[in-house]
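Engineer: Give me a 3D structure for the following:
(2 chains)
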Amino acid sequence: AQSVTQLGSHVSVSEGALVLLRCNYSSSVPPYLFWYVQYPNQGLQLLLKYTSAATLVKGINGFEAEFKKSETSFHLTKPSAHMSDAAEYFCAVSRSGNTGKLIFGQGTTLQVKP
Amino acid sequence: ETGVTQTPRHLVMGMTNKKSLKCEQHLGHNAMYWYKQSAKKPLELMFVYNFKEQTENNSVPSRFSPECPNSSHLFLHLHTLQPEDSALYLCASSPPPGQRSYEQYFGPGTRLTVT
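Structural biologist: All right, here's what the predicted structure looks like:
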């Protein structure tokens, strides 16, 4: 069975500091992996996706993630945090058999301090 | 309208009321989903529809009744809800299985409060 674990339910960084949000997955087949962002009282917006092409994936708003098969990880990073990055972030893996359904992690709330 | 839209954005209803949530996608997708997002809980997948047919019901109570009249529209009919049903209800859509992209596109959600 596939699963996703996001390490740390809350992450706090200073404005301008590096953002690192951790995601580890479990999958018996090559996975498709996604990061979504959710601002308060809004839906989820796709930040980036890994679909077995380049292992370093660039997304919107300056975010990127690296797929590391040996570590079963797909951590999200941004070199310099901005106040507008404060939100909840979800990592997700596609269900086996590529049915289109996603399994989501618990989410990580990112706080950005001035 | 583009993307996935949901109406209403906010809904307050009593436990004896009947109401419906509406979702519409303008992306040409064939799969649609209902999720429940409660405070401090992970996203819960409720229902999945592919080509208008329900393909998954994750043990959702019968007081939630989905309807998918066509690939662009999805409804969630609500009746005799409980206070614990208060949550953000999210609709999503995705391309059919077998296509190269597997991401889901979400609507803004309906914030439901049951009094």
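Engineer: Okay, B:E44 and B:S59: tell me how far apart.
Structural biologist: 10 Å (Cβ to Cβ, to the nearest Å). C-beta coordinates here come from the backbone N, C-alpha and C atoms, glycine included.
Engineer: Could you please name the strands the lowest-mean-pLDDT helix or strand in chain B pairs with and the direction of each pair?
Structural biologist: Lowest on mean pLDDT, DSSP states H and E among the helices and strands of chain B sits strand B:53-57, with a mean of 89. Strands that pair with strand B:53-57, judged by DSSP bridges, come out as strand B:44-50 (antiparallel).
Engineer: and the strand it pairs with, how far from the chain's centre?
Structural biologist: Chain-centre distance of strand B:44-50: 8 Å, with Cα atoms, centre = their mean, to the nearest Å.
Engineer: Could you export that strand as PDB, CA atoms only?
Structural biologist: The C-alpha coordinates for strand B:44-50 follow below in PDB (Å, rounded to 0.1, in the frame of the first residue of the first chain):
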ATOM      1  CA  GLU B  44     -10.700  12.500   3.700                       C
ATOM      2  CA  LEU B  45     -11.700  11.200   0.300                       C
ATOM      3  CA  MET B  46     -15.400  10.700   0.200                       C
ATOM      4  CA  PHE B  47     -16.500   9.800  -3.300                       C
ATOM      5  CA  VAL B  48     -15.000   9.300  -6.700                       C
ATOM      6  CA  TYR B  49     -16.700   9.500 -10.000                       C
ATOM      7  CA  ASN B  50     -15.300   8.400 -13.400                       C
END
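Engineer: what is the rounded mean pLDDT of that strand?
Structural biologist: When pLDDT is averaged along strand B:44-50, the result is 92.
Engineer: Comparing B:E44 and B:S59, which residue is more hemmed in?
Structural biologist: B:E44 (15 against 5; other Cβ atoms under 10 Å in any protein chain shown).
Engineer: Quick check: bridge partners of that one?
Structural biologist: Beta-bridge partners recorded for B:E44 (DSSP bridges): B:K36.
Engineer: which residues touch it?
Structural biologist: Contacts for B:E44 (Cβ atoms under 8 Å, 6 or more residues apart in numbering or on different chains) come out as B:Y35, B:K36, B:Q37, B:S38, B:N58.
Engineer: On the pLDDT front, check the residue lying closest to B:R63 once chain neighbours are set aside for me.
Structural biologist: Computed as Cβ to Cβ, 6 or more residues apart in numbering or on different chains, the closest residue to B:R63 that is not its neighbour in sequence is B:T80, at 5.3 Å. At B:T80, the predicted lDDT confidence score is 93.
Engineer: Could I get the contacting residues of residue 67?
Structural biologist: Because you didn't say which chain, this covers chain A. A:L33, A:Y50, A:T55, A:L56, A:V57, A:S73, A:F74.
Engineer: actually it's chain B I care about, not the one you picked
Structural biologist: By Cβ under 8 Å, 6+ apart, the residues touching B:E67 are B:L74, B:F75, B:L76, B:H77.
Engineer: Tell me the pLDDT of it.
Structural biologist: 97.
Engineer: Distance of it relative to B:C23?
Structural biologist: 11 Å.
Engineer: got the phi/psi numbers for B:D85?
Structural biologist: phi -80, psi -10 (degrees, to the nearest 10).
Engineer: Go ahead and confirm it touches B:T113.
Structural biologist: No: using Cβ atoms under 8 Å, B:D85 is not in contact with B:T113; the gap is 9.4 Å.
Engineer: The two: who's more crowded?
Structural biologist: B:D85 (19 against 13).
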